[in-house]
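J.: Build me a model from this:
(2 chains)
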Amino acid sequence: QLQLQESGPGLVKPSETLSLTCTVSGDSISTSPYHWGWIRQPPEKGLEYIGTIGDGWSTYYNPSLRSRATIFADTSKNQVSLTLTSVTAADTAVYFCAKTQSMLRGGWGWGQGTLVTVSS
Amino acid sequence: QSALTQPRSVSGSPGQSITISCTGTSSDIGAYNSVSWYQHHPGKAPKLMIYDVSERPSGVPDRFSASKSGNTASLTISGLQADDEADYHCCSYAGAYSHVVFGGGTKLTVL
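T.: Now for the predicted structure:
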């Protein structure tokens, strides 16, 4: 059974870089088809797609976050990671790792999420 | 401002039915049969309830149904139960530029 576990610092200072890791168990991140994604939910707001890394390690990003977000995979550790540069208070959110076999079909399976607060 | 528009809250009594709408555009919901719905109890992992507009994953009760008409998708929960009280989020593929969009979420209260 697929399990996704997000981890990383719970507090990041403004202007610094947020780094999160998703450890995957019950599945190999290399087994095609796959899209491993990051999605966030700011307090009292809806979900926001950040981006995904898909088959062939192609990456796709929310246009509003493309300039600051990077998603990459470490197959030796079966992990997918997110970095978000130059964070502000607006980046405070619960960050979720998720998987879909296709962004066009099938829906997403999720991790529990991790809260990241941006504050000095 | 979320890309897809959902009512902030809905409520119903046990046994009743409720419907949650999710309105997008001709570039997302209207263009693709890829609407999915998620149940989220805060602090837990969101759970896939509906995919591909109206398909239920194994284990999701048939009390949950969904459909799409034009740019609007709808989730209906019949025979409301206390455990259905949660946040519900819709999602759609939105093409090669925006990729994936979500709604703002709807809080379901079971009275």
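J.: Am I right that A:S32 sits in a helix?
T.: No - per DSSP: H, G, I helix; E, B strand; the rest coil, A:S32 lies outside any helix segment and is coil.
J.: Would you confirm that A:S86 contacts A:V118?
T.: No - using CB atoms under 8 Å, A:S86 is not in contact with A:V118, being 10.4 Å away. All C-beta spots, glycine's among them, are computed from the backbone N, C-alpha and C.
J.: And these two? Which one has more around it.
T.: Using other CB atoms under 10 Å in any protein chain shown, the more surrounded residue of A:S86 and A:V118 is A:V118, with 19 against 12.
J.: my guess is the more buried one contacts A:T17, does it?
T.: No - A:V118 is not in contact with A:T17 according to CB under 8 Å; the separation is 10.9 Å.
J.: Let me know the helix or strand that B:C91 is in.
T.: If you go by DSSP states H and E, B:C91 is part of strand B:86-94.
J.: How far does that strand sit from its chain's centre?
T.: Strand B:86-94 has its C-alpha centroid displaced from the chain centroid by 5 Å (CA atoms, centre = their mean, to the nearest Å).
J.: Let me see the mean pLDDT of the helix or strand that that strand is followed by.
T.: Downstream of strand B:86-94, the first helix or strand assigned by DSSP H and E is helix B:95-98. The average of the pLDDT scores along helix B:95-98 is 88.
J.: and helix B:95-98, C-alpha only, in PDB?
T.: C-alpha atoms of helix B:95-98 as PDB (Å, rounded to 0.1, in the frame of the first residue of the first chain):
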ATOM      1  CA  GLY B  95      -4.000  21.800 -19.800                       C
ATOM      2  CA  ALA B  96      -0.300  22.100 -20.600                       C
ATOM      3  CA  TYR B  97       0.200  25.500 -19.000                       C
ATOM      4  CA  SER B  98      -1.600  25.400 -15.700                       C
END
